[in-house]
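Novice: Let's see this in three dimensions:
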Amino acid sequence: MKIKDTNLNWTLNVVARVVVGLVFIFSSFVKGVDPMGTSFKITEYLTAWSFFGMSFDWLVPLATFMSMALIVVEFTTGVMLLFGAFRRLSAWVLVLMMLFFTFTTLFDAITNKVTDCGCFGDAIKLTNWQTFWKNIALDVPTVWIFLTRNLRRKQRFERDVLITLFAMVAMVLFGLFNINNEPCIDFRSWKVGNQMMEMDENAQVKSYVTYVNKETGEKDEFLSEELVKRMEDPAWEEKWEWESSRVEDPHEIKADGFSMLDMDMNDHAKELIGMDDYLLIATVHHLDKVNEQGQQALKSVAAWAEENGVLMVLLSSALSEEVQSFLYENGLDNLDFYFADATAIETMARSNPGFVLMKGGKVMGKWHYRHADEIEEFNL
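Specialist: Presented below is the predicted three-dimensional model:
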């Protein structure tokens, strides 16, 4: 299908490239901020999906490489679209990527095997169906970009090479920086400065109930105290039908699925996170992947904590026997340790090990093990 080279068609091509290009740049940037988070999401896909009995577990060791490859290709494509570099090549890459994204998200929406695609990292959370329809919306300008890829084509080889190489190198360096550090922008709940639980003892637990109007289908949520008053109306039950209820406890930790279990499966998360004094949590989401530098960081930070009277605990997803053996081998058997789900720990800190300093329910600091020496500079 040949599209006429008119001013209108060219303008629509430019608008489509700008819109899709900016979406790709934003999407890749928020993933590039946290390539390890994208790696964890790819691992989730690889372990959850299978086709005709064939699993993809064997690709898990390549998850970090796949994460970086996806981020770099997506960012580079976005920049190429925005600046009109290699328009035929970028149009082909865009079509192939959108085909992959669209069919992947459709399958994911139908099966719901992975509940969050991670297409915008932790910056924006979308449901699987929202993600699919977002891709459908992007497919429209994508088709137009592809059909008009030859309009007003000029030979600008050197310029296009510079733009493409700059985009690739910039995102590779940016991604590698964030892999070797905690993300430079933290979109997660355990961001430094966040209050993870309410410390006001007078804060009240609130109960909410949702009712549906039988005539209009309108949904409304009421505080339980307000509901009692409304139910005094004899016509209430004729008009409204109960749908759901929820409890809002201000003293709950503001991180889904987070716990700090002892060996008897007692959860100490609230009492530890809510401590008035400093608490330093060494997070280890994969004990078998702690390298020598990470081990040395644990030892030096534990020594600093002991000297300064700071309670330090280890939070791991490994078996108790493995944790005890690890601590003994590294001369850290005096540390108390607790257990949590690996995903919850990965959300807390990407580094393995990582260090999270808490006080009064607030995140005071967070460090990658490569920068453990910076903890000693923290003004307690």
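
Novice: contacting residues around residue 89?
Specialist: Counting by Cβ atoms under 8 Å, 6 or more residues apart in numbering, residue 89 touches residue 80. In this view, the C-beta of every residue, glycine as well, is placed from N, C-alpha and C.

Novice: chain center to whichever strand or helix holds it: distance?
Specialist: Assigned by DSSP states H and E, residue 89 belongs to helix 87-111. Distance of helix 87-111 from the chain centroid (Cα atoms, centre = their mean, to the nearest Å) equals 21 Å.

Novice: Next secondary structure after that helix?
Specialist: helix 128-147.

Novice: which residues sit against that following helix?
Specialist: 1, 3, 12-13, 15-17, 19-20, 23, 81, 91-92, 94-95, 98, 101-102, 105-106, 108-109, 112, 114-117, 119, 126.

Novice: mind running it again at 6 Å?
Specialist: Helix 128-147 is touched from outside by 3, 16-17, 19-20, 91, 94-95, 98, 101-102, 105-106, 108-109, 117, 119, with contacts defined as Cβ atoms under 6 Å, 6 or more residues apart in numbering.

Novice: Now restrict those residues to buried residues only.
Specialist: Burial by neighbour count, 16 or more other Cβ atoms under 10 Å: within those this picks out 16-17, 19-20, 91, 94-95, 98, 101-102, 105-106, 108-109, 117, 119.

Novice: how close does the residue lying closest to residue 171 once chain neighbours are set aside sit to residue 315?
Specialist: Distance criterion Cβ to Cβ, 6 or more residues apart in numbering; nearest residue to residue 171, sequence neighbours excluded, is residue 75 at 4.3 Å. For residue 75, the distance to residue 315 equals 33 Å [Cβ to Cβ, to the nearest Å].

Novice: Equivalent analysis for residue 52, please.
Specialist: 40 Å.

Novice: Same drill for these two, tell me which one is more crowded.
Specialist: Ranked by neighbour count (other Cβ atoms under 10 Å), residue 52 and residue 315 place residue 315 first, with 27 against 4.

Novice: contacting residues for the nearest residue to residue 354 once chain neighbours are set aside?
Specialist: The shortest distance from residue 354 to any non-neighbouring residue, by Cβ to Cβ, 6+ apart, is to residue 283 (4.5 Å). Applying Cβ under 6 Å, 6+ apart to residue 283 gives the contacts 315, 345, 348-349, 354.

Novice: Identify the bridge partners of residue 283.
Specialist: Applying DSSP bridges to residue 283 yields these beta-bridge partners: residue 315, residue 354.

Novice: Can you list the buried residues in stretch 290-305?
Specialist: Within stretch 290-305, judged by 16+ other Cβ under 10 Å, the buried ones are 290, 294-295, 297-298, 301-302, 304-305.

Novice: ditto for stretch 138-158
Specialist: Quick answer for stretch 138-158 (16+ other Cβ under 10 Å): 138-139, 141-142, 144-149, 151.

Novice: That one spans what distance, first to last residue?
Specialist: 29 Å (Cα to Cα, to the nearest Å).

Novice: what's the offset of it from the middle of its chain?
Specialist: That offset, for stretch 138-158, works out to 33 Å (Cα atoms, centre = their mean).

Novice: so where do the strands sit in the stretch 201-350 of the chain?
Specialist: Counting by DSSP state E, counting those that start in this stretch, the stretch 201-350 of the chain has strands at residues 206-213, 219-223, 240-248, 278-284, 311-316, 336-339.

Novice: Identify all contacting residues around the longest one.
Specialist: Same thing as strand 240-248. 206-214.

Novice: what do you get if the cut-off is 8 Å, keeping everything else the same?
Specialist: Under the contact criterion Cβ under 8 Å, 6+ apart, strand 240-248 has outside partners 205-214, 219.

Novice: What's the PyMOL line that selects buried ones from the residues you listed?
Specialist: Command for PyMOL that selects the buried part of the contacts of strand 240-248, burial taken from 16+ other Cβ under 10 Å:
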select buried, resi 209+211+212
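
Novice: can I get the contacts of strand 240-248 in TSV with pLDDT and distance to residue 229?
Specialist: Putting those into TSV (pLDDT from 0 to 100; distance: Cβ to Cβ, whole Å) gives the following:
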residue	pLDDT	distance to residue 229
205	70	19
206	74	16
207	77	14
208	79	15
209	79	13
210	82	17
211	80	13
212	83	19
213	83	17
214	77	20
219	80	19
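
Novice: and which of the contacts of strand 240-248 is nearest to residue 332?
Specialist: The shortest approach to residue 332 among the contacts of strand 240-248 belongs to residue 205, at 38.3 Å (Cβ to Cβ).
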